[in-house]
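Novice: here are the coordinates; sequence isn't available:
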């Protein structure tokens, strides 16, 4: 199971600027002039950091639990299935080509499924996750 929500630390500086960083993703650093702006920027920053890791084929760390003073930032709905597929495929040890054969598709389809900018049909991602022994589950929680 993958928790696709990452803790972020919001720190207000003397000049009033709020700086946000993600302990699990050192490259993800942003901020804003207000709490609302900093939160919106943090949401966008998280997506870009994860998309960048997928594109570079880097490891995506497991999200640590939010500690006191941290806020949990969810992975956006458009990106979460791709992150889950990326993690499951890495966990399986299969190459894109080997997985494409199992999926009955061309390897270019697998590359597009993993491309954060490509609009992939959710049914195809679910089928791919099923083949990897995973199931995508969406939950709704009260807003903080």
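Specialist: Ah, there it is. Values in this document were obtained by computation on a predicted structure and should not be read as measured data. Numbers count the residues shown, from 1 in each chain.

Novice: what pLDDT does residue 14 get?
Specialist: In this prediction, residue 14 carries a pLDDT score of 86.

Novice: For it, grab phi and psi.
Specialist: Dihedral angles of residue 14 (phi, psi; degrees, to the nearest 10) stand at phi -60, psi -30.

Novice: Begin at 731, not 1, for the rest of this chat.
Specialist: Yep, numbering from 731; the last one is residue 744 now.

Novice: That one: neighbouring residues, count only.
Specialist: The local packing of residue 744 (other CB atoms under 10 Å) involves 5 other residues. Where you see a C-beta, it was placed from the backbone N, CA and C, and this is true even at glycine.

Novice: mind checking how far it is from residue 856?
Specialist: 48 Å (CB to CB, to the nearest Å).

Novice: repeat for residue 824
Specialist: Residue 824 sits 18 Å away from residue 856, taking CB to CB as the criterion.

Novice: ditto for residue 811
Specialist: Computed as CB to CB, the residue 811 to residue 856 distance reads 8 Å.

Novice: Show me where this protein has its helices.
Specialist: Along the chain, counting by DSSP state H, helices occupy 765-786, 810-822, 826-833, 837-844, 852-861.

Novice: Adding distance to residue 752, write these out as CSV.
Specialist: Rendered in CSV, the data for the helices of the chain read as follows (distance: least, CB to CB, whole Å):
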stretch, distance to residue 752
helix 765-786, 7
helix 810-822, 14
helix 826-833, 27
helix 837-844, 22
helix 852-861, 24
